[in-house]
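Asks: No letters, just coordinates:
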């Protein structure tokens, strides 16, 4: 199979995305004819396109097949993809292979039902996977979380029969180029019913196993950084629980004391992700971070605003936000920056507590970000991945179900930030 470049004026990032999509198209043909291996051949001038094409093939090859019991239900898959292009180094191919491996694992986690992937199980799977890459992992159980008084995480967990978890993953190579770490925080709500503010179903609750995509993504990012031996000190934090309307569930009207002692009036128990993220963002202060990036399937408002083609971002790290936008265009995991003006603080003022957990029916993606900002005192970026983290139908090489959005974006951002 030969890769060549069409005569066109498209930007390089768009051309590489076309190559990935072409990989998806070719995969469908290969799958139809039950081919199990393919070799991609390209001239040196086409090296980047050949690699993008191969990545598109590999990611199109993903299917979540764990629960199929009949052989005829199993799709035909490619067992081997080779690239013949002298300009592509083995190191570059290995790097992309690790990213494909990572995205596959992130998709697997996002596609798992909560009957298997409880908060505790999720923590232990992250532990076992990341340890293989030389990452230090510590898991806080419910007793430790209670001792730390992480009120936001505990409140969301109160209606669940399953305990919460809080996972800390750290990659600190001796040759790290950053004196202060980058801290990644990922929302780990392994299932979200909305709690007592119950979600409607179908069309809402039935895909809420994906509400831990932020947690899966940050675990994937630190794994990719470690496996590729990037000389960057990175820490990933994943607070995890499910959100259920059990007998002890937190209720609208409750006032919760958070990890950093601020108080929150709960007006909607379905605005739960920000509660546990806030505790993790406060916890991140102990690391004196250079930058904190949180990732979460946080608001339907983000999807309502820009759909599925990009994530909503905001924050206080202006130069890093510019770099993130540029990286998003380069990787085609695009971002749209929303304002975080002080006037939006008025929308989350509470009459009886330091703040309330929702800001009304307008500007929901922004007020969620303003809520999180209250728990930061460092350079910070918030990424709402509610739109691109999940695909209701097959979207080219992104597939159907969990997409793995964000792994390539933040991995490339880290490399660009430190000129690696």
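Replies: Ah, there it is. Since this is a predicted model, take the numbers as computed values, not measurements. Numbering: from 1, shown residues only.
Asks: wait, what's in contact with residue 60?
Replies: Residues in contact with residue 60 (Cβ atoms under 8 Å, 6 or more residues apart in numbering) are 23, 24, 27, 28, 396, 397, 399. In short, each C-beta sits where N, CA and C put it, glycine included.
Asks: Can you pull the phi and psi angles for residue 83?
Replies: Here is the backbone geometry of residue 83 (degrees, to the nearest 10): phi -130, psi 130.
Asks: From residue 115, how far off is it?
Replies: Here the criterion is Cβ to Cβ, to the nearest Å. By it, residue 83 lies 40 Å from residue 115.
Asks: Neighbour count for those two, which is higher?
Replies: Counted by other Cβ atoms under 10 Å, residue 83 and residue 115 do not tie: residue 83 has more neighbours, with 20 against 8.
Asks: Tell me how far that one lies from residue 215.
Replies: 32 Å.
Asks: try residue 344
Replies: Residue 344 is 26 Å from residue 215, by Cβ to Cβ.
Asks: higher neighbour count, these two?
Replies: residue 215 (35 against 19).
Asks: Helix or strand: which one has the more buried one?
Replies: Using DSSP states H and E, residue 215 falls within helix 213-227.
Asks: quick one: that helix to chain centroid distance?
Replies: Centroid displacement of helix 213-227 relative to its chain, using Cα atoms, centre = their mean, to the nearest Å, is 8 Å.
Asks: Could you pull up the mean pLDDT of the first helix or strand past it going along the chain?
Replies: Next helix or strand after helix 213-227 toward the C-terminus (DSSP H and E): strand 234-243. Averaging pLDDT along strand 234-243 gives 99.
Asks: in strand 234-243, what's buried?
Replies: 234, 235, 236, 237, 238, 239, 240, 241, 242, 243 (16 or more other Cβ atoms under 10 Å).
Asks: Export the contacts of residue 60 to JSON lines and append columns for neighbour count, secondary structure and distance to residue 189.
Replies: Shown next, in JSON lines, are those (neighbours: other Cβ atoms under 10 Å; DSSP: H, G, I helix; E, B strand; the rest coil; distance: Cβ to Cβ, whole Å):
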{"residue": "23", "neighbour count": "26", "secondary structure": "helix", "distance to residue 189": "33"}
{"residue": "24", "neighbour count": "20", "secondary structure": "helix", "distance to residue 189": "30"}
{"residue": "27", "neighbour count": "22", "secondary structure": "helix", "distance to residue 189": "32"}
{"residue": "28", "neighbour count": "11", "secondary structure": "helix", "distance to residue 189": "34"}
{"residue": "396", "neighbour count": "16", "secondary structure": "helix", "distance to residue 189": "27"}
{"residue": "397", "neighbour count": "23", "secondary structure": "helix", "distance to residue 189": "27"}
{"residue": "399", "neighbour count": "22", "secondary structure": "coil", "distance to residue 189": "22"}
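Asks: Need the contact partners of stretch 202-210.
Replies: 110-114, 117, 189-194, 198-199, 297, 389-390, 392, 401-402.
Asks: Actually, stretch 139-150.
Replies: By Cβ under 8 Å, 6+ apart, the residues outside stretch 139-150 that reach it are 120, 123-124, 127, 153-154, 157, 163-168, 239, 257-259, 276, 279, 283.
Asks: what's the straight distance from one end of that stretch to the other?
Replies: 14 Å (Cα to Cα, to the nearest Å).
Asks: same check, this time on stretch 249-259
Replies: Stretch 249-259 has an end-to-end distance of 19 Å (Cα to Cα).
Asks: can you list contacts of that stretch?
Replies: 148-153, 155-156, 158-159, 195-197, 263-269, 275, 278-279, 282-283, 352-353, 375.
Asks: same question, stretch 355-369
Replies: 262-268, 271, 274-275, 298-302, 305, 312, 314-315, 338-340, 344, 347-350, 370-371, 374, 382, 384.
Asks: Of those, select the buried ones using a ChimeraX command.
Replies: Here is the ChimeraX command that selects only those of the contacts of stretch 355-369 that count as buried (16+ other Cβ under 10 Å):
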select :262,264,265,266,267,271,274,275,298,299,301,302,305,312,314,315,338,340,344,347,348,370,371,374,382,384
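Asks: In strands only, show me the contacts of stretch 355-369.
Replies: Per DSSP state E, strands hold the following members of the contacts of stretch 355-369: 263, 264, 265, 312, 314, 315, 382, 384.
Asks: Quick check: the farthest pair among these?
Replies: 263 and 312 (26.8 Å; Cβ to Cβ).
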